[in-house]
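Prediction below, plus the sequence it came from.
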Amino acid sequence: MGRIGVQNLPRPERAQTYPTVLHGMKGGKPMNDSTSTTAQAERLSDTAKLAGQWKSIDWKQVEAVVNRLQTRIAKAAQEKKWNTVKRLQYLLTHSYCAKLLAVRKVTTNKGKKTSGIDNVLWNSPAQKMKAAFSLTDKGYTANPLRRVYIEKKGKKAKRPLGIPTMYDRAMQALYALALDPASEATADKHSFGFRKGRCAQDACEYIFADLCKKVSPKWVLEGDIKGCFDNISHDWLIANIPMDKSILKQFLKAGFVFKGELFPTEDGTPQGGVISPILANMALDGMEKVLSDRFHTNRLGKVDLRFQNAHKVNLVRYADDFVITAATEEIALEAKEMKTRGLELSEEKTVISHIDEGFDMLGWTFRKFKGKLIIKPSKNAIKAFVSTLSETVLKRGKAWRQDLLIKKLNQKILGWTNYHQSVCASDAFAHIDHILFGFLWKWAKRRHPKKRKPWIFARYWHSRWNYNALFCTENKELRKANHTPIVRHRRIRMDANPYLEPDYFSQRQFNHGMKRLSGRFKQVWKNQNGCCFHCGQPMDIGGEKEIFYKAPKSKGDRNDISNMAYVHSHCQLLYTERRAEA
Ligand SMILES: [Zn+2]
């Protein structure tokens with residue numbers, strides 16, 4: 001891969017003020033003095049020391065310290081004591097524990113293997129430890145983003161994607177830790193995207209509650225905000241976001257590099273960073289107030305039930321995707337003209353529809369049949385999943401062994417069915433099983449062009465338990481989408497704050513797991529009370545987790561419940577790092 005010449009760029013303001021760690025780290029050792037052997041020996045012991053430090057961190061305590069500060073920030077923000085918020089945020093962003101957490105976050109998430117323009121990754125424990133020590137706001141300047149273009153499914157135009165450096169990502173993660181609790185206090189009550197403890201299923205249940213009754217509103221405005229993430233005004237953000245302004249400016253104005261040239265960023269939230277969804281949410285959080293001022297409030301400026309009942313205007317939002325209900329088409333049209341904080345609704349993508357025609361949101365179709373509201377996986381969602389399956393089976397997986405194919409498919413089916421299992425999805429699930437059988441049959445036939453059909457069938461499909469044709473190997477069978485239980489999602493309490501009521505949220509997460517898991521997995525979940533085996537913290541059933549086998553492979557039985565435990569993916573990574581040392 002070609003290295004982009006950062007040093008040669010015309011960057012007057014951002015003149016070579018990289019944090020030293022970016023220069024110095026290549027494989028955990030400084031680059032410029034590699035000739036001296038004594039220095040090398042010293043560095044080796046240094047690396048070992050740093051690695052040892054990283055491995056001996058008590059994460060439970062680290063999280064407790066950060067949680068305590070976050071709770072205090074949330075409390076102060078709720079009481080509108082913004083000076084206290086500022087002081088506590090300063091404490092948090094300058095604390096050793098928060099820095100450790102920020103580094104852990106960016107080195108365990110999905111993008112950990114993609115570097116920014118400086119080509120630096122933090123892979124080894126020593127690198128991570130060094131990185132945590134180096135995080136500072138002193139003279140901090142954000143590097144420009146590395147711009148890549150990724151293919152969009154079925155479209156010619158490619159989507160631009162900006163990738164910050166590891167250091168900038170960690171800084172964003174650090175400041176996000178301090179900003180999120182403050183943002184919860186001012187968040188719209190019906191906003192569900194990118195917020196701690198809330199999910200798409202909560203949005204779904206609130207839409208259902210808004211529309212299910214006979215007297216419920218009949219008209220729905222599906223909104224699309226014109227290039228939401230790209231159009232948010234920097235001036236508004238800098239004036240209104242409760243965080244360190246100079247740091248925020250760095251995040252916003254980082255610019256991006258493409259083919260060795262630097263381009264500025266004028267509007268929009270920083271791409272590819274953990275802080276952008278929080279910023280976007282905060283910019284959109286005015287919507288509920290705008291609607292309430294227009295449709296719920298009387299002349300004296302008080303919320304009036306009579307207006308509320310006449311207009312039937314309700315908002316449910318998931319990031320920049322939202323619906324507004326309305327009693328009549330006129331009211332829906334009026335709501336469409338709404339403007340918040342310089343953001344406008346896109347003319348062509350914003351649609352007003354009657355509930356009998358139905359509408360799509362978050363991969364579901366909401367529609368009333370004979371007065372009864374039915375929610376199903378949307379046609380587009382099914383189509384997209386079918387094309388993923390087709391690609392997995394017929395393209396990527398055409399030469400895979402059967403058990404590998406089953407493993408990959410099971411992961412995909414599990415994810416998809418988990419998402420949809422709270423709506424009327426039985427038909428869709430049965431349809432998926434049917435289509436998938438077609439793909440697998442094609443896959444199998446292609447492998448043995450000279451064999452007869454019964455031979456092929458007998459090779460890959462077997463009778464097991466009650467089924468006479470299950471795609472399986474000796475110890476792995478393909479999951480049937482249709483066997484996913486349909487369970488109603490218990491919606492979140494609207495005003496619940498995850499930083500102030502942690503017990504409510506961990507209880508909810510535990511219940512989710514109990515509802516969604518089945519068989520021995522449910523038993524495992526129940527035995528450990530929904531908490532991670534490694535760190536003892538509550539786990540999110542939708543989050544990144546894995547099964548940990550307590551006994552080594554040679555000794556333990558992989559199907560024995562007492563040998564299995566759920567763990568956070570990041571905890572498992574730390575566990576393997578620690579074991580590597582021994
Ligand atoms: Zn854990």
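Structure received. Note that the structure is a prediction, hence the values are computed from the model and not measured.

So which bits of stretch 294-302 are buried?
Residues 294-297 are the ones in stretch 294-302 that count as buried (16 or more other Cβ atoms under 10 Å). Every residue, glycine included, has its C-beta placed from N, CA and C.

In JSON lines: the residues you listed, plus secondary structure and distance to Q201.
Below are those laid out as JSON lines (DSSP: H, G, I helix; E, B strand; the rest coil; distance: Cβ to Cβ, whole Å):
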{"residue": "R294", "secondary structure": "helix", "distance to Q201": "29"}
{"residue": "F295", "secondary structure": "helix", "distance to Q201": "27"}
{"residue": "H296", "secondary structure": "coil", "distance to Q201": "26"}
{"residue": "T297", "secondary structure": "strand", "distance to Q201": "31"}
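
tell me which of these is nearest to D560?
Closest to D560 out of those is H296 (57.3 Å), distances taken as Cβ to Cβ.

so the closest one makes contact with R306?
No. Contact criterion Cβ atoms under 8 Å: H296 and R306 do not qualify, at 9.7 Å.

where exactly do the helices run in the stretch 401-550 of the chain?
Listed in chain order, the helices of the stretch 401-550 of the chain (DSSP state H, counting those that start in this stretch) span 402-420, 426-447, 453-460, 502-516, 519-527.

can you tell which of those is closest to the ion?
helix 502-516 (12.8 Å; Cβ to the ion).

Output the contacting helices and strands for that closest one.
helix 519-527 (3 or more Cβ pairs under 8 Å, 6 or more residues apart in numbering; DSSP states H and E).

again, only using 10 Å
helix 402-420, helix 519-527 (3 or more Cβ pairs under 10 Å, 6 or more residues apart in numbering; DSSP states H and E).

could you dump the helices of the stretch 401-550 of the chain to CSV with mean neighbour count?
Below are the helices of the stretch 401-550 of the chain laid out as CSV (neighbours: other Cβ atoms under 10 Å):
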stretch, mean neighbour count
helix 402-420, 18
helix 426-447, 16
helix 453-460, 13
helix 502-516, 17
helix 519-527, 15
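
Nearest to T84 among these would be which one?
helix 502-516 (20.5 Å).

R490 touches F510, doesn't it?
No. With contact defined as Cβ atoms under 10 Å, R490 does not reach F510; the gap is 11.9 Å.

Columns distance to N281 and mean pLDDT on top of the helices of the stretch 401-550 of the chain, output as CSV?
Shown next, in CSV, are the helices of the stretch 401-550 of the chain (distance: least, Cβ to Cβ, whole Å; pLDDT from 0 to 100):
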stretch, distance to N281, mean pLDDT
helix 402-420, 21, 89
helix 426-447, 30, 91
helix 453-460, 47, 89
helix 502-516, 18, 87
helix 519-527, 30, 88
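
Including distance to K553, could those helices go into a markdown table?
Shown next, in a markdown table, are the helices of the stretch 401-550 of the chain (distance: least, Cβ to Cβ, whole Å):
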| stretch | distance to K553 |
| --- | --- |
| helix 402-420 | 16 |
| helix 426-447 | 29 |
| helix 453-460 | 27 |
| helix 502-516 | 26 |
| helix 519-527 | 18 |
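
how about these in a markdown table, adding distance to the ion?
Conversion of the helices of the stretch 401-550 of the chain to a markdown table gives the following (distance: least, Cβ to the ion, whole Å):
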| stretch | distance to the ion |
| --- | --- |
| helix 402-420 | 20 |
| helix 426-447 | 31 |
| helix 453-460 | 38 |
| helix 502-516 | 13 |
| helix 519-527 | 14 |
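
between the ones you listed, which gets nearest to T473?
Smallest distance to T473 across those (Cβ to Cβ): 4.7 Å, for helix 402-420.

tell me which parts of the stretch 51-200 of the chain are close to the ion?
With the criterion set to Cβ under 5 Å from the ion, the stretch 51-200 of the chain never comes near the ion.

By proximity to the ion, which residue of the stretch 51-200 of the chain wins?
Closest point on the stretch 51-200 of the chain to the ion, by Cβ to the ion, is W59, at 7.7 Å.

What score does that residue have for pLDDT?
We have a pLDDT of 86 for W59.

What is the burial count for it?
Neighbour count of W59, defined by other Cβ atoms under 10 Å: 19.

dump the residue contacts of it.
Taking Cβ atoms under 10 Å, 6 or more residues apart in numbering, we find W59 in contact with 97, 100-101, 104, 534-537, 568, 570-571, 574.

now these: which count as buried?
97, 100-101, 104, 534-535, 537, 568, 570-571, 574.

Quick check: helices, which of those are part of them?
Applying DSSP state H to the buried ones among the contacts of W59, the entries found in helices are 97, 100-101, 104, 570-571, 574.

so which of the helices and strands packed on helix 502-516 gets nearest V313?
helix 402-420 (28.4 Å).

Output that closest one as PDB, nothing but the C-alphas.
The C-alpha coordinates for helix 402-420 follow below in PDB (Å, rounded to 0.1, in the frame of the first residue of the first chain):
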ATOM      1  CA  GLN A 402     -19.700 -27.500   4.500                       C
ATOM      2  CA  ASP A 403     -19.200 -26.800   8.200                       C
ATOM      3  CA  LEU A 404     -17.500 -23.500   7.500                       C
ATOM      4  CA  LEU A 405     -20.400 -22.500   5.300                       C
ATOM      5  CA  ILE A 406     -22.900 -23.500   8.000                       C
ATOM      6  CA  LYS A 407     -21.000 -21.500  10.600                       C
ATOM      7  CA  LYS A 408     -21.000 -18.300   8.500                       C
ATOM      8  CA  LEU A 409     -24.600 -18.700   7.500                       C
ATOM      9  CA  ASN A 410     -25.700 -19.300  11.100                       C
ATOM     10  CA  GLN A 411     -24.100 -16.100  12.200                       C
ATOM     11  CA  LYS A 412     -26.000 -14.200   9.500                       C
ATOM     12  CA  ILE A 413     -29.300 -15.900  10.200                       C
ATOM     13  CA  LEU A 414     -29.000 -15.400  13.900                       C
ATOM     14  CA  GLY A 415     -28.300 -11.600  13.500                       C
ATOM     15  CA  TRP A 416     -31.200 -11.100  11.100                       C
ATOM     16  CA  THR A 417     -33.800 -13.100  12.900                       C
ATOM     17  CA  ASN A 418     -32.800 -11.500  16.200                       C
ATOM     18  CA  TYR A 419     -33.500  -8.100  14.700                       C
ATOM     19  CA  HIS A 420     -36.900  -9.100  13.400                       C
END
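
All good on my end, thank you.
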